[in-house]
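Colleague: coords below, sequence missing:
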């Protein structure tokens, strides 16, 4: 379920300059590979098995050595409305070994309603409904709801696709809600700590050019959604939180209807980590926020 969350319109502005971070590494970020094909054909991926003769995707990513800055010690200097991402301190009450069945996800969503971010900004009439997008990875690959780490810099949702999702989720109320300022935000939490394998790299929204983003289609049998791939640009500034813990909840801005703030992101292979490091387990929810 998606969250229809009403925030007050007097939210204080959040501003911060780039903090001076010396702890960096160089890792491969997988950007969309420049190809004349994309002048003629929109990037796409099929969410189901394609018919004979049709490629599952025409997206080709190119690994590019990229500076990724460790935000550890500076994590309070990053803000959702400024950089496009923010870390919050929120303890997990559930056993982190919980699965992806409906009952446990409901319990987790109820727990997430008390995130400090929600408490300090939502008004008393707020309605909160969460969209379930678990991104858990288990060693045995048992869960059908598992989403593989995406080794490709991307933005989950384009603005037009976001409007369609709001209309699908909010029904008759959607057109009224779309007249307000609205956001779609991912809420990502590790379920195993610390995160060692495949941490998330986050692109500072202020370092992003509009031309860096390339619209792409995600095609389901019953639905077509739009995301964005990312071209390489040396001006982009990337961050991650080394050794992220379960209580360090990450907010990622997908779309803000009132500004250009958004956060391309990707999992990446930390070159300083052993190849047999524990695999990452995490869960991701998504909420719709209406001002």
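Modeller: Sure, I can see it. The structure displayed is predicted, hence computed values, not measured ones.
Colleague: only C-alpha atoms for contact and neighbour calcs from this point on.
Modeller: Fine.
Colleague: any idea how far the nearest residue to residue 290 once chain neighbours are set aside lies from residue 234?
Modeller: Closest residue in space to residue 290, ignoring its immediate chain neighbours: residue 182 at 4.3 Å, by C-alpha to C-alpha, 6 or more residues apart in numbering. To residue 234, residue 182 is 30 Å away according to C-alpha to C-alpha, to the nearest Å.
Colleague: before we move on, back to that, got a list of what the residue nearest to residue 290 touches?
Modeller: By C-alpha atoms under 8 Å, 6 or more residues apart in numbering, the contact list for residue 182 reads 256, 257, 258, 288, 289, 290, 291.
Colleague: Of the residues you listed, which pair is most distant in space?
Modeller: 258 and 288 (13.8 Å; C-alpha to C-alpha).
Colleague: Of the two, which one has the most company?
Modeller: Just comparing residue 258 and residue 288: by other C-alpha atoms under 10 Å the higher neighbour count belongs to residue 288, 25 against 11.
Colleague: tally of neighbours for residue 163?
Modeller: The burial count for residue 163: 19, using other C-alpha under 10 Å.
Colleague: any idea where the strands of the stretch 51-200 of the chain begin and end?
Modeller: Assigned by DSSP state E, counting those that start in this stretch, the strands in the stretch 51-200 of the chain fall at 61-70, 85-89, 131-132, 154-155, 182-190, 200-203.
Colleague: Make CSV from those and add mean pLDDT and distance to residue 106 to it.
Modeller: Putting those into CSV (pLDDT from 0 to 100; distance: least, C-alpha to C-alpha, whole Å) gives the following:
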stretch, mean pLDDT, distance to residue 106
strand 61-70, 96, 33
strand 85-89, 92, 21
strand 131-132, 62, 9
strand 154-155, 96, 26
strand 182-190, 90, 15
strand 200-203, 98, 25
